[in-house]
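1. dropping a prediction and its sequence here:
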Amino acid sequence: MPTLLLALLTASVPAAQAETLDAIDARLMARLGEFVSEGTAPGQSLVASHRIEATQLAKWGDATIALGWYTGVLALERHLLAARGDDPAPTDARLALALGALERIDRTAETGFAPPCASYEDQNGFFVRDDVPSTFHEYLDGITSIGSDWTNGNEFAKEESQDQVHHLLVGLTLVKRFVPPEVTVDGVALVGQATDLGVDMLTHLADHEWAVRNPACDDKLVARGPSAIHASPGLAGVGRYLTDGAVELAYPEEAETLWTALSAPNNITFNNPDNRHMTMATGATGKGWGDDTFDLLAAMAEPYAWTAYPLLHAALYGADPLDPDTLTALLDTSRAHLAELDGVEPHRPDEATVAYGWTSWQRYIRPIEKHYVGGDGEAGRRYNGLDWLMLHRLVQVVEADLADGVPDTDVPGADTDTDADLTTDRTDGCEGCATGAPPSLAWLLATLLWRRRRGNAQRRATGLSTSR
């Protein structure tokens, strides 16, 4: 990472820190209880994006993105506790509840839609964003009102969208990597549960030609972000990682062109912030571009200072083979970012510019120009801090990996070759498409290629062509 960028990002860090990073971590972990109620009832073990004390409101927005990062934070916490010789059992219990929450919003997803949609329970990989009821304020001190996608006036606002999948897989792959497979809670193996949940959601996408469809409502495309065709090669890589290569999800050949375009660091057409964070999350977890993945992620991270994604890749696949200078720069920059929360908390401040970049609910889906001026919405929002907690744990794990000097031999998903068997068709159109980038550009390329292939198929069917 260039020295100029490092200087820019560290310019606002105070010269002397009153709090150590471990002290900040302990403070944020204790504070998490203000944003999540642990348990198995609807809404429990789902982390609120923010609270507003002045209006006594707690809001769950993009709650499954938060759930993915919460799951990952707990998996890394469990690993670090065990490495220090501390008892990981309490963290195992919290992690089991987080995985149980994902299982719950999958199993009950089809109960959330009015007729003519059907109502039934099924564990099939389709999930809702949350199941937080309007009465959930009873679980949180100081809260009298609730905002959630489940209670949104538009019932289809609660539907899964592809961005939620990308970030849930962050947590599930970290469980796979850092929780021993023999660890169970109430007889359930955590790694086995995480793997099943991840494979279910990936299979749901692949079975519907890499589009998110609502099975309760006659398989209609979901209202937001239905198309994941452009990311299908990367998502297939995550499936291989979770199953040690046992699951191979097919995708259309033209998707390789889109996936490659998404890896170009300077391609602003495809890589606006919305597309970039999804691409980087899945590229990191699925080793999306083979041995070039880390270097591409580091370059893609630079414009937005999203150091968490290349460090996520290093944590999952091992730091040993990576460029040491780039990795050191990423770690140094990340530590400077972490130190910004000395004496303050993640929140949207009243001031126009502040000395810390944790002013939106998720630093790693917001461009750098918003890091130090606050996210969207009214001042006074207090954020859950999961982005800080994730980065701190990734830094600790990667630094420990570098310090031991021993090559990683137990990394799951070793076979990450992206040459999958290809399908012979693809999804039919982009109704309701909302992938982040202008759909007309990304989708046009895939659609033109698809139509050409379909035209060839039609000609074969009429005897005009005999090749396949």
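-> Okay, I see it.
2. tell me the buried residues in stretch 21-32?
-> Burial within stretch 21-32, assessed by neighbour count using 16 or more other CB atoms under 10 Å, is assigned to Leu21, Ile24, Asp25, Leu28, Leu32. Placement of C-beta: from N, CA and C, glycine included.
3. who touches the second one in this structure?
-> With contacts defined as CB atoms under 8 Å, 6 or more residues apart in numbering, Ile24 is in contact with Leu338, Leu341, Asp342, Trp388, His392.
4. for those residues, pick the one with the most neighbours.
-> For the contacts of Ile24, the largest neighbour count, defined by other CB atoms under 10 Å, is 26 neighbours, found at Trp388.
5. and that residue, how close does it get to Arg27?
-> Distance of Trp388 to Arg27, computed by CB to CB, to the nearest Å: 10 Å.
6. circling back to that earlier point, need the buried residues of stretch 21-32 in CSV with secondary structure, can you?
-> Conversion of the buried residues of stretch 21-32 to CSV gives the following (DSSP: H, G, I helix; E, B strand; the rest coil):
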residue, secondary structure
Leu21, helix
Ile24, helix
Asp25, helix
Leu28, helix
Leu32, helix
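7. which other helices and strands does the strand or helix carrying Ala400 contact?
-> Element membership for Ala400, per DSSP states H and E: helix 386-404. Helix 386-404 sits against helix 21-31, helix 63-84, helix 308-317, helix 324-339, with contacts defined as 3 or more CB pairs under 8 Å, 6 or more residues apart in numbering; DSSP states H and E.
8. mind redoing it with 10 Å?
-> Contacts defined by 3 or more CB pairs under 10 Å, 6 or more residues apart in numbering; DSSP states H and E place helix 386-404 against helix 21-31, helix 63-84, helix 162-178, helix 308-317, helix 324-339.
9. in JSON lines: those, plus mean pLDDT.
-> Below are those laid out as JSON lines (pLDDT from 0 to 100):
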{"stretch": "helix 21-31", "mean pLDDT": "97"}
{"stretch": "helix 63-84", "mean pLDDT": "98"}
{"stretch": "helix 162-178", "mean pLDDT": "97"}
{"stretch": "helix 308-317", "mean pLDDT": "98"}
{"stretch": "helix 324-339", "mean pLDDT": "96"}
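10. who touches Val165 in this structure?
-> With contacts defined as CB atoms under 10 Å, 6 or more residues apart in numbering, Val165 is in contact with 64-65, 68, 125, 127, 198, 201-202, 204-205, 212, 225, 228, 231, 235, 238, 278, 281-282.
11. from the buried residues of stretch 21-32, which two are the most distant?
-> Greatest spatial distance in the buried residues of stretch 21-32: Leu21 and Leu32, 16.6 Å, computed using CB to CB.
12. among the contacts of Val165, which lie within helices?
-> Helix and strand membership here follows DSSP state H; of the contacts of Val165, those in helices are 64-65, 68, 198, 201-202, 204-205, 235, 238, 278, 281-282.
13. ok, back up a step: any chance of JSON lines for the helices and strands packed on helix 386-404, columns distance to Asp218?
-> Putting the helices and strands packed on helix 386-404 into JSON lines (distance: least, CB to CB, whole Å) gives the following:
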{"stretch": "helix 21-31", "distance to Asp218": "43"}
{"stretch": "helix 63-84", "distance to Asp218": "23"}
{"stretch": "helix 162-178", "distance to Asp218": "20"}
{"stretch": "helix 308-317", "distance to Asp218": "37"}
{"stretch": "helix 324-339", "distance to Asp218": "46"}
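14. of the ones you listed, which is nearest Tyr364?
-> Taking CB to CB as the criterion, helix 308-317 is the member of those that comes nearest to Tyr364, at 5.0 Å.
15. that older thread, buried sites along the helix holding Ala400?
-> Judged by neighbour count (16+ other CB under 10 Å), helix 386-404 contains these buried residues: 386-399, 401-402.
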